[in-house]
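S.K.: have a look; sequence and predicted model below, questions after that.
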Amino acid sequence: MLREEDVRGIFVPVVTPFSMNGDLDEESYDRYLENLLTHDIQGLVINGTTGEAPTVLWEEVHNLVCRTKSVIARKGISIPIVVGTGTNDTRSTVERTVLAKEIGADAALIVVPYYSRPSQAGILEHYRRAAQTGLPIIAYEVPYRTSVRISADTAEEILALDGVIGMKDSSGGTELISALKQRGVTKPILCGEDAYFLGWLRQGAAGGILAAANLRTEMFIETYRQFRDGNTALATSAFDSLTQLIDHLFRESNPAPLKWLLSHQGLLDSDTLRLPLLPISEGLRNQLSVI
Ligand SMILES: O=C(O)C1=N[C@H](C(=O)O)C[C@H](O)C1
């Protein structure tokens with residue numbers, strides 16, 4: 001299981017490849033994962049936003065976890081697997097987290113419950129129940145997707161729960177992380193906003209869960225390592241080399257641009273997404289093909 005002290009560095013949220021008919025494309029997944037695991041990343045996230053969690057069935061998540069374990073074993077490496085188990089329903093979140101534990105996940109990524117607009121107390125209770133499953137939890141704050149924002153007080157209380165080992169912060173600004181750091185919170189916070197990765201490291205983030213790190217993975221690792229080692233100029237120049245890519249990857253809904261680039265590079269057979277997401281526009285295809 002993932003330990004709090006190992007929540008650092010570059011975690012890569014994997015895509016869920018689909019064939020043209022919309023079925024899970026297992027062959028592409030294995031090929032893409034084999035390639036990704038040539039890099040020295042600190043963890044994988046299955047069934048996150050980048051994995052199109054809202055459209056992936058639990059049986060498919062199960063299949064992806066098993067396939068991932070096989071690829072990892074074949075390569076003779078060890079790398080933690082974090083599985084997205086969060087829904088907007090506490091009971092199903094707990095059930096999925098228990099199932100993820102049973103199939104050997106190392107931690108669960110649990111999004112703030114969306115749609116229902118729960119109170120801060122309701123959000124805290126959601127995490128309290130999930131944390132009781134015994135699978136380490138990374139809470140995931142992403143207000144532009146969930147339409148609720150956790151306060152610094154609630155974030156601090158969530159992070160104080162036994163079993164919560166960290167937080168992924170995609171809140172769009174540094175207010176939350178700086179408030180938590182000012183309060184002396186020591187549990188790790190991972191950046192979930194690719195464009196702000198270096199800025200977040202400066203604020204005390206322990207690393208990032210970054211869709212863009214599926215591409216140019218080495219430069220993300222370099223940014224993290226140089227920053228960690230105090231070489232801020234080298235970290236800045238590594239990160240500067242990534243900003244154009246990051247900007248393009250988020251011009252249309254993630255993971256559509258990423259899937260297009262992965263298929264353009266031959267790592268996936270197709271850039272198929274499940275509705276309501278659609279493949280990227282022709283305009284963005286033209287831009288991506290020359291970056
Ligand atoms: O899949 C994820 O985890 C990520 N989700 C963010 C989003 O699209 O909201 C982006 C981040 O890079 C990784």
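M.R.: Noted; the coordinates are in hand.
S.K.: please list the residues of the stretch 101-250 of the chain that sit near the ligand.
M.R.: Residues of the stretch 101-250 of the chain found near the ligand, taking C-beta under 6 Å from any ligand atom as the criterion, are Val142, Arg145, Ser170, Gly192, Asp194, Ile209, Leu210, Ala211. For glycine as for every other residue, the C-beta is placed from the backbone atoms N, C-alpha and C.
S.K.: which two of those residues have the greatest separation?
M.R.: Pairwise distances across those peak at 16.0 Å for Arg145 and Leu210 (criterion: C-beta to C-beta).
S.K.: of the two, which one has the most company?
M.R.: Neighbour count, other C-beta atoms under 10 Å: between Arg145 and Leu210, Leu210 has more, with 28 against 13.
S.K.: tell me which of the residues of the stretch 101-250 of the chain next to the ligand is nearest to the ligand?
M.R.: Checking those against the ligand with C-beta to the nearest ligand atom, the nearest one is Ala211 at 3.4 Å.
S.K.: number of nearby residues for the closest one?
M.R.: 25.
S.K.: cool, Gln287 as well?
M.R.: Around Gln287 there are 16 residues (other C-beta under 10 Å).
S.K.: can you tell me what sits against the helix or strand hosting it?
M.R.: For Gln287, the host element (DSSP states H and E) is helix 282-288. Here helix 282-288 makes contact (C-beta atoms under 8 Å, 6 or more residues apart in numbering) with His248, Arg251, Glu252, Pro257, Trp260, Leu261, His264, Ile280.
S.K.: which of these has the most neighbours?
M.R.: For those, neighbours tallied by other C-beta under 10 Å; top is Pro257, 26 neighbours.
S.K.: tell me if I'm right that Leu234 and Met219 touch.
M.R.: No. The pair Leu234 and Met219 fails to qualify as a contact (C-beta atoms under 8 Å) at a distance of 11.3 Å.
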